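[1] sequence first, predicted model second:
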Amino acid sequence: MSKFDERVEELVAKHPSLTKLEAIEIITAKNERKKAKRAEKTDKINTKRANKSKRD
């Protein structure tokens, strides 16, 4: 069982009213938000590094 499947099962166990499809949608949306946040953070760091190297 993959990590994703485990997370889906945990979410369904915690919230029995959710269907498996709804749980998958929730997990997928959360993963997308996390990826976007990481990309934003990386871009910010890279911008700072680029600006610092221009000053040096």
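    Good, I have the coordinates.

[2] CA atoms for contacts and neighbours, from now on please.
    Will do.

[3] could you give the mean pLDDT of the helix ranked longest in the chain?
    Scanning the chain for the longest helix, with DSSP state H as the assignment, gives helix 20-55. Averaged over helix 20-55, pLDDT sits at 93.

[4] buried set for it?
    Judged by neighbour count using 16 or more other CA atoms under 10 Å, the buried positions of helix 20-55 are Ala23, Ile24, Ile27.

[5] CSV for these, including distance to Glu9?
    Below are the buried residues of helix 20-55 laid out as CSV (distance: CA to CA, whole Å):
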residue, distance to Glu9
Ala23, 8
Ile24, 9
Ile27, 11
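
[6] any idea whether Leu18 is helix, strand or coil?
    Secondary structure, DSSP: H, G, I helix; E, B strand; the rest coil: Leu18 is coil.

[7] got a list of what it touches?
    Shown here is Leu18, whose contacts under the criterion CA atoms under 8 Å, 6 or more residues apart in numbering are Val12.
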